[in-house]
Structure formats: C-alpha cells, structure tokens
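Colleague: test case, fold it:
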Amino acid sequence: MSSSNTKEAQRIAKLLARAGIASRRDIERMIVDGRIALDGKVLDTPATLLTSLRGVTVDGKPVAAPAPARLFRYHKPAGLLTTERDPKGRPTIYDRLPDGLPRVMPVGRLDLSTEGLLLLTTDGELKRALELPATGVERSYRARAYGNVTQAQLESLMLGVEIEGVRYGPINANIERRTGANVWIELTLTEGKNREVRRVLEYLGLEVNRLIRTRYGPFWLGDMPAGDVDEIRQHDLITFRTVLSRPGGGKAASNLQFAARSRAVEPAPRPKPIPAPGGREPEGRRKIEKPEAKKPVFTARVTPRAKDEVAIERPRPSGKPGPRKPREDGVAKPARAARARAHRETQEPRPGDFVDRPKGPRGPGRGTGRPGPAGGRARPGGGKPARPPRTRK
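Modeller: This is a model prediction of the structure:
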C-alpha cells in the first residue's frame, strides 16, 4: 500500500484535542493520571502515535470520531483575558461566552485591553493554520493613538522594522482621521506577533489608547455588539479551507467575500427604574434596578445569503389608459370633452367668438369652414380654398 493512501500518525494528545476532549496540555495531564487507555491498556506517555482514535477510551468511555470543524465569531470586549483560566482570578473570555457552545479554542490572542473580532474553533488543525505567519492570513486593526505621525512614516512599515532584536514583517498602515491630539490608524498585517501593533506604533512615538481588531482573513467584525457570538456557515468554512490549502492561498483566502451574518444572542433588556415608596420619584438621581448577571445562551441561526443588488425596472405604463376610479359619492367623473362642452353651453357668446351653426349637407370640398369659390369650402380663418376633388375620365 502506498504512503499516499495511509493516514499520517499523530500524537494522541493532538487527536483527542481535535475530538474536543480537552486541550493538549490537559490531555497530557490526564495521561499522567492514568485516565486514558488504548485497547484496555492504560497509557503512560503522551508520545503515543496513532492514526485514529479507534480503541481509545477516556475514563472508561470510548471516544467518538471527531466532528467536522466549526468556526465562530466573537466580539471580545476590553477587560477580558484570552485564556481558559487565570491564576490571578481575572475574568476570561470563557467566563462570558454564552452557554450552549461546544468546546472552542481561540485563534490567536487579544490582550487584556484589546477588543474586537476573536475567532473560536473546535479544530486544532484549523487553529494552527490560521495562526501561522507562513500561511499569510491577513489581520486588520483600527488603533487610536496619541501623538503625531505622518503618512510617510507609516508607509515605511511596508519594508518591515526591527525593534529590540525582534523583526516584524510588512505592515500596511494608513491614517484614517485625526481627532484632536489623537489619530486613528488602520493597519493590516500577516504575522500577529505578541503586542505587535502596540510595539510598532510606540516605535514611531505614538501611545495607543484603544485597539480594535476588525478582520481576520475574510471574516469581519462588522456591527456585531460586544459579547455577541455567531457561527460561520459550514459551506463558507469549507470554501475558505480549500482556498487556504493551496500554495500562497493566504492572500486569496483573505479576499473571499461571504454573506453577512445575523446575530445569535439578543441584547439584554433595559433595566426598569425602581418606584419610590409612596409613588413619588426620589430627588436627584433615580435608582436603577440592576438585572441579575446571567450568561447569554447561544442559539443556532441561519445565515442569510447575500442579496443580488439588481436594479428592478418598474413596468412602464401602457398607452391605453385604464378605467377611471369612481368618486366617493358613487357618480362617475364626466369625461374632459363633456365637461368642456357643458362649460361652453353655460357661457354667453362674446364678440369675436366662433358660434356653432347648424350643420348642413357636406359639400364636395374637404374643408369644414364657410363655402368658398370653385365649389369648394374655405379653410377656417381664410386662406386658399380647398382643392376640388378629382374626377375619373
């Protein structure tokens, strides 16, 4: 059997992490504790190589085959750590994620004060492919910084920069707008090293006071509320992974266009004021009832497809008018000619007005005016008489 038809052997910790059992580090601890076995034999080393999870048990229960990879968008608020647990007891993203989500891993990290888009996935292989700088997946940020900088200084970052012995790759940076002593800068990079944006802007003499990640590959933050979560459609994820797997596919995969996503978690209702005893409002500031702190629940939703922006041409009215609408009193509106005739009949004739005369027998001429010479009729208003009709010889 050729090697192309056989699966590559991988460490058991990696396979169990992809199956959603736990992280690799936790699985290594479980192996040390003797909780994982293969064909009834307890494993004592995490260096075990396997091609599948057949015969593997955790706490005596067989491990199911790994489910298809899933990818979620999460709008991380500022003040949360991108980690599962913190020794200092600070809040983490797992303390605020809604219930009902599967076990997910963050793609990359956002530090404590950075907010914006954070991708979450159930597949460790997909996580690594998105994080590797060699893959070339783009990340975009919006930074608000204090200080003065020129566009020429930002364009110099396209050549890369070395700061304190650390080499940072090309960064596409542009000034978005200035607000007083602050400046908003848009940055796009492909490495995502630890605190890369802050270090590079500090190198230019700026002090970053707000940092938002707006894009990771083809997935945008958009208008997601802080703390909201939604899932990438499976069809879009398959398309993204297919393009990403090709040589140099990071750039092409980052430029993919997907349909907009709908929200998955509804915002909490606004708190109602507490009425004061006796029905009177207390003086000064009103007391606001604080709602109980409950974690939102993740609900599956269907992502709407992108709408085709095709100009809708309105039907042109036909030349033939439609039926007239009846009036409110039920009497049909008279035609314009009839109304004009009725108006003329009610008016007194004035000097110079043309007065209708009784119609006589039509003469040989074609006109409709007074009788003229040569047996014809003169045109109304004078002029040459009408030409007599031709006679056959």
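Colleague: switch to C-alpha atoms for all contacts and neighbour counts from now on
Modeller: OK.
Colleague: tell me the contacts of residue 124?
Modeller: Neighbour list for residue 124: 14, 17, 18, 105 [criterion: CA atoms under 8 Å, 6 or more residues apart in numbering].
Colleague: is it true that residue 186 touches residue 140?
Modeller: Yes - between residue 186 and residue 140 there is a contact at 7.2 Å, judged by CA atoms under 8 Å.
Colleague: the more surrounded of these two?
Modeller: residue 140 (22 against 18; other CA atoms under 10 Å).
Colleague: helix or strand: which one has the more buried one?
Modeller: Assigned by DSSP states H and E, residue 140 falls within strand 139-146.
Colleague: note down every partner strand of that strand and its orientation.
Modeller: strand 182-189 (antiparallel), strand 207-216 (antiparallel) (DSSP bridges).
Colleague: now residue 251: phi and psi?
Modeller: phi -70, psi -50 (degrees, to the nearest 10).
Colleague: quick check: it vs residue 135, distance?
Modeller: As judged by CA to CA, to the nearest Å, residue 251 and residue 135 stand 9 Å apart.
Colleague: which one of these two is surrounded by more residues?
Modeller: Remark: of residue 251 and residue 135, residue 135 carries more neighbours, 20 against 17, as counted by other CA under 10 Å.
Colleague: and residue 56, what does it touch?
Modeller: Applying CA under 8 Å, 6+ apart to residue 56 gives the contacts 36, 37, 38, 39, 62, 63.
Colleague: my bad, should have said residue 69
Modeller: Contacts of residue 69 (CA under 8 Å, 6+ apart): 121, 122, 123, 126.
Colleague: can you report how many residues lie near the last one?
Modeller: This means residue 126. 16.
Colleague: just use 28 as the starting number from now, easier for me
Modeller: Sounds good: first residue 28 from here, last item residue 153.
Colleague: may I have the secondary structure class of it?
Modeller: Three-state assignment for residue 153 (DSSP: H, G, I helix; E, B strand; the rest coil): helix.
Colleague: what's near enough to touch it?
Modeller: residue 96.
Colleague: quick one: list the elements packing against the next helix or strand after the strand holding residue 167.
Modeller: Downstream of strand 166-173, the first helix or strand assigned by DSSP H and E is helix 178-182. Other elements packing on helix 178-182 under the criterion 3 or more CA pairs under 8 Å, 6 or more residues apart in numbering; DSSP states H and E are strand 199-206.
Colleague: direction included, what does the strand it packs on pair against?
Modeller: Assessed with DSSP bridges, strand 199-206 is paired to strand 209-216 (antiparallel).
Colleague: CA atoms of the partner strand as CSV?
Modeller: Output of strand 209-216 as CSV, limited to C-alpha atoms (Å, rounded to 0.1, in the frame of the first residue of the first chain):
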residue,chain,number,x,y,z
ASN,A,209,-5.3,61.6,18.7
VAL,A,210,-5.1,59.9,15.3
TRP,A,211,-7.0,56.8,14.1
ILE,A,212,-4.8,54.4,12.1
GLU,A,213,-5.8,51.4,10.0
LEU,A,214,-3.3,48.5,10.0
THR,A,215,-3.2,45.2,8.1
LEU,A,216,-0.5,42.6,8.8
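Colleague: give the rounded mean pLDDT of it.
Modeller: Here strand 209-216 scores 95 as its mean pLDDT.
Colleague: next, the angle strand 166-173 makes with the helix or strand following it.
Modeller: Note on strand 209-216: by DSSP H and E, the next helix or strand toward the C-terminus is helix 223-230. Here helix 223-230 runs at an angle of 40 degrees relative to strand 166-173 (axes from the mean of the first three to the mean of the last three CA atoms, to 10 degrees).
Colleague: show me the contact partners of helix 223-230.
Modeller: 188, 190, 195, 234, 235.
Colleague: kindly report the same for stretch 134-148.
Modeller: Here stretch 134-148 has contacts from 96-109, 131-133, 154-155, 157-158, 219, 222, 237-243, 247-248, 253, using CA under 8 Å, 6+ apart.
Colleague: now the buried members of those residues.
Modeller: Burial by neighbour count, judged by 16 or more other CA atoms under 10 Å, picks out 96-105, 107-109, 131-133, 154, 157-158, 219, 237-243, 247-248 from the contacts of stretch 134-148.
Colleague: against residue 197, how distant is residue 218?
Modeller: Where residue 197 is concerned, residue 218 sits at a distance of 9 Å (CA to CA).
Colleague: I'd say residue 157 and residue 165 touch.
Modeller: No - Residue 157 lies out of contact with residue 165 (CA under 8 Å); the separation is 9.3 Å.
Colleague: re earlier: what is the most widely separated pair among the contacts of residue 83?
Modeller: With CA to CA as the measure, no two of the contacts of residue 83 lie farther apart than 66 and 90, at 11.8 Å.
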